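Trainee: Any chance you could fold what I've pasted below:
(one chain, ligands or ions: 1)
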Amino acid sequence: MYKIFNTVEEVSAYTSQCILKTIQEKPNAVLGLATGSTMKPVYAHLVQKLQNNPVDVSQLTTFNLDEYLGLSGEHAQSYNYFMCEHLFNRLGSPIGRYNLPNGLAEDIEAACQAYSDIIKQVGGLDLQLLGIGSNGHIGFNEPYTSFSSRTHLIELTEQTRLDNSRFFTDKSQMPTHAITLGIQDILEAKEILLVATGSNKAEIMAELYASDVNEALPASVLKQHSKVTIVLDKEAAALLPANSV
Ligand SMILES: N[C@@H]1[C@@H](O)[C@H](O)[C@@H](COP(=O)(O)O)O[C@@H]1O
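Mentor: Take a look at the predicted model:
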């Protein structure tokens, strides 16, 4: 299902309302969270909503999609830092438990396996929030990642390194690898919201719309899921065929 709004503000208001509804209906919900510039206004709206309608977040568990390899959680470009800055440290009371892959884990393989296992142990993700890379990646599952993948280490493509190096003042610090939740882990979420805004996402959204389910375009796997909402602003939706959604 597609939801198309005129502005980023409307996209963010809608998305944050869906997250809030999940928390209100299930205070011990397990949320899959995402990072990236698309998510900043989403979290800003969520923080505001939680201030206006105080909800118990003490039983909530969250798992982020991904983290850069080699960055500590204190590094300003780490996704741990992003989440603290944009969400966790802004809440009136602390969230039950939040998890991100550990970019400094000594045994990466064991840490990856444990990350997927813990999600299962807590009952799976109730709601997974996703952005999309300009090459169609979800989390950091780059094109041709196996659809049966679990949390794993991945080498970032040239395109992703270029896109994401905009956040690094010293471009040479842009990591070459990341740890990401696997596609199978994402697909097992009970509900998925994919959010894309801005004209730089218009091409990939048109490609995704037209694509069959194909490992060359990781986000196309979402067509196999029964409860996915694709939330777009009109710029990201600009190249979808007229009257298609
Ligand atoms: N690993 C993250 C993705 O999970 C995110 O979807 C993407 C989009 O980022 P932005 O919202 O900044 O376009 O950025 C990174 O690559």
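Trainee: so what does the longest helix seen in the chain touch, helix or strand wise?
Mentor: Counting residues, the longest helix found in the chain (DSSP state H) is helix 8-25. Counting contacts by 3 or more C-beta pairs under 8 Å, 6 or more residues apart in numbering; DSSP states H and E, helix 8-25 is packed against strand 2-5, strand 30-33, helix 39-52, strand 127-130, strand 191-196, strand 228-233. Bear in mind the C-beta positions are built from the backbone N, C-alpha and C, glycine included.
Trainee: Go through those and pick out the most buried.
Mentor: Mean neighbour count, computed with mean count of other C-beta atoms under 10 Å, is highest for strand 127-130 among the helices and strands packed on helix 8-25, reaching a mean of 26.
Trainee: Residue 158: how many residues sit nearby?
Mentor: Residues contacting residue 158 under the criterion other C-beta atoms under 10 Å number 8.
Trainee: Phi first, then psi, for it.
Mentor: Here is the backbone geometry of residue 158 (degrees, to the nearest 10): phi -60, psi -40.
Trainee: Please report how far it lies from the ligand.
Mentor: Distance, residue 158 to the ligand, by C-beta to the nearest ligand atom, to the nearest Å: 13 Å.
Trainee: can you list the residues of the protein near the ligand?
Mentor: 34-38, 65-66, 131-133, 139-140, 160, 164 (C-beta under 6 Å from any ligand atom).
Trainee: Now, those residues that are in helices?
Mentor: 160, 164.
Trainee: Out of the residues of the chain next to the ligand, give me the one that has the most neighbours.
Mentor: residue 139 (30 neighbours).
Trainee: OK, contacts around the closest residue to residue 56 other than its chain neighbours?
Mentor: Distances taken as C-beta to C-beta, 6 or more residues apart in numbering place residue 27 nearest to residue 56, at 5.2 Å, with adjacent residues excluded. Residue 27 makes contact with 55, 56, 57, 59, 60, according to C-beta atoms under 8 Å, 6 or more residues apart in numbering.
Trainee: who wins for neighbours among those residues?
Mentor: For the contacts of residue 27, neighbours were counted using other C-beta under 10 Å, and residue 60 has the most, 22 neighbours in all.
Trainee: Not counting its neighbours along the chain, what's nearest that one?
Mentor: In space, and not counting its chain neighbours, residue 60 is closest to residue 96: 4.7 Å by C-beta to C-beta, 6+ apart.
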